[in-house]
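Asks: Requesting a structural model of the entry that follows:
(2 chains)
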Amino acid sequence: MNSNIDRISNLPSSLLIIIASFLPFKEAARTSVLSKQWLNIWRDAMHIQFNETFFVKSDEPEENRKVQREVFINFARQFIANYSQQVIKTLGLACSKPGDFLSDIQNILMFASSRDVRELGLDFSDPTWREQALENHQAAFELPLPVYEHGQVLRSLKLFSCSFKVSNFSNFCSLKTLSLGWIKINMGSISAILDSCPLLENLSLKKCWDIENFEISKPGSRLKSLVLEKCDIAYDGVLIEGPKASVLQVLRKRG
Amino acid sequence: MSSSAENPTLTAEITKPSTEIATETAQSAKKITLKTSDDQIFEVEESVAMEFATVKSFFEDAPSSTDTVPLPNVPAKPFSQVIEFCKEQIKFKANPDETEKKRSNSEFVKEKTNEDLVEMIPVANYLEIKDLLDVLNQAVADRIQNRSVEYVRSFFGIDNDFTSEEEALLREEHAWAFEDVDED
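Replies: Residues are numbered from 1 along each chain as shown, chains lettered A, B, ... in the order given. Sure, this is the predicted structure:
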């Protein structure tokens, strides 16, 4: 047996793609310099993170950041154009100026939805927004239809500064984890979401406003964890009832 | 670690003390005989062998077969470790306990060398043991995370076939991915 030869390079590329898919996206990208066989493996990894902060330096003037943002979107554009796998597991997209790249963002979401993405994270909040500040910000982007249409396979969804139609949440019938942030949402909508997503186990609300009194009393709810973070609600008005209420956690992180 | 001489499930041909095979083997359990690529013979309990989807479908096609099943892509060393994993796994089939299963899985990979892990991946893939493949890939990912390119190359035993100019160009092209990395 010859065990000191290049062991893993004997593996088919399909296995290397699986290995790369267990790495965070940035780390997977670094495998491109390992050897020629690895050069393009990461381009088919199944956990994809398009994160503006990889490219845009927050301490530079907006003029530079604008150019860096162009480079970032161009990178994402190339990436999805060359992607060859049929299914992806995770897609994360963080972009603070979605209005400047509407069609690109639509394309990225179309790309993810058509590949049955399981975990989708969209963050359109701006790093310059201050979490402690009282001011609220209009949602910077609206969740497009294809995401609902392919929503049956979605297990985890994060929407930050991204508006959505509660009436379409019934498409997310497999959803287990939902995280909403930087959004105006009332208690009626939260209740409607819980009704639409019977498998929901984890709900987190960060910097949401217009909730007023938070009240959940769903006998059939599977909700296990609930996180309310820096939301504009009266914490004295939090009421949760249900069979799993004993495992509910309300974290009140305040400034 | 028990030595293989005391080990009822392996034939005498296996001399490496690399496996920790459970001792509660029932005498009556049906055994399946498997032959590795390096011509080692393994006798494995049927319930364990059925964890290998590849072997399972072999017996679905020929249910009454008593032939030795050849495993042409599977060397003995990683295979004995794969058996060790599957023996643990089937305990959780009768008695599902996710927390205990996770603990058992992390215990399993903790004891393995980098080489062990890397060698088991193609075996788990060939035998189609999905749980093991996930466990191995996660363990590999954990071990190479935040490590330098040079470290990862030696981890996998990869020969760098780029010229230094080519590598420099690639690092420049993917500069975003190399920021904030502690080169060790």
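Asks: and residue A:203, what helix or strand is that in?
Replies: For residue A:203, the host element (DSSP states H and E) is strand A:202-206.
Asks: And the contacts of that strand?
Replies: Under the criterion Cβ atoms under 8 Å, 6 or more residues apart in numbering or on different chains, residues A:160, A:176-182, A:185, A:190, A:194, A:211, A:223-231 lie in contact with strand A:202-206. For every residue, glycine as well, the C-beta is placed using N, CA and C.
Asks: now residue A:30, what's its secondary structure?
Replies: With DSSP: H, G, I helix; E, B strand; the rest coil as the basis, residue A:30 sits in helix.
Asks: Do you know the pLDDT at it?
Replies: Note on residue A:30: pLDDT of 95.
Asks: close enough to count as contact, residue A:238 and residue A:211?
Replies: No. Taking contacts as Cβ atoms under 8 Å, residue A:238 lies outside contact range of residue A:211: 9.7 Å.
Asks: what's downstream of the strand holding residue A:203, the next helix or strand?
Replies: Next along from strand A:202-206, by DSSP H and E: strand A:215-217.
Asks: gap between the longest helix along chain B and the chain center?
Replies: In chain B, with assignment by DSSP state H, the single longest helix is helix B:76-94. With Cα atoms, centre = their mean, to the nearest Å as the basis, helix B:76-94 stands 9 Å off its chain's centre.
Asks: Tell me which residues of the lengthiest helix in chain A come out buried.
Replies: Longest helix in chain A, counting residues (DSSP H): helix A:62-82. By neighbour count with 16 or more other Cβ atoms under 10 Å in any protein chain shown, helix A:62-82 contains the buried residues A:65, A:68, A:69, A:72, A:73, A:76, A:79, A:80.
Asks: Next: stretch A:20-40.
Replies: A:20-23, A:25-35, A:37-39.
Asks: which other residues reach that stretch?
Replies: Taking Cβ under 8 Å, 6+ apart as the rule, stretch A:20-40 contacts A:9, A:13, A:16, A:41-42, A:44-49, A:51, A:54, A:89, A:92, B:137-138, B:140-141, B:144-146, B:149, B:152-153, B:156, B:158-162, B:167, B:170-171, B:174, B:176-178, B:181.
Asks: Point out where chain B drops to low pLDDT.
Replies: Scanning chain B for pLDDT under 70 picks out B:1-28, B:181-184.
Asks: Can you identify each of the helices in it by residue range?
Replies: B:46-49, B:53-61, B:76-94, B:98-110, B:114-126, B:130-144, B:149-156, B:164-173, B:175-178.
Asks: Let me know the average pLDDT across the helix or strand that contains residue A:147.
Replies: Assessed by DSSP H and E, residue A:147 sits inside helix A:145-149. Averaged across helix A:145-149, pLDDT comes to 95.
Asks: Quick one: neighbours of the closest residue to residue A:116 other than its chain neighbours, just the number.
Replies: Excluding its sequence neighbours, the residue lying closest to residue A:116 (Cβ to Cβ, 6 or more residues apart in numbering or on different chains) is residue A:153, at 4.7 Å. Other residues within reach of residue A:153, judged by other Cβ atoms under 10 Å in any protein chain shown, total 15.
Asks: who's in contact with residue A:153?
Replies: Shown in contact with residue A:153 (Cβ under 8 Å, 6+ apart): A:116, A:117, A:118, A:174.
Asks: Residue A:76 contacts residue A:111, doesn't it?
Replies: No. If you go by Cβ under 8 Å, residue A:76 and residue A:111 don't touch, sitting 9.2 Å apart.
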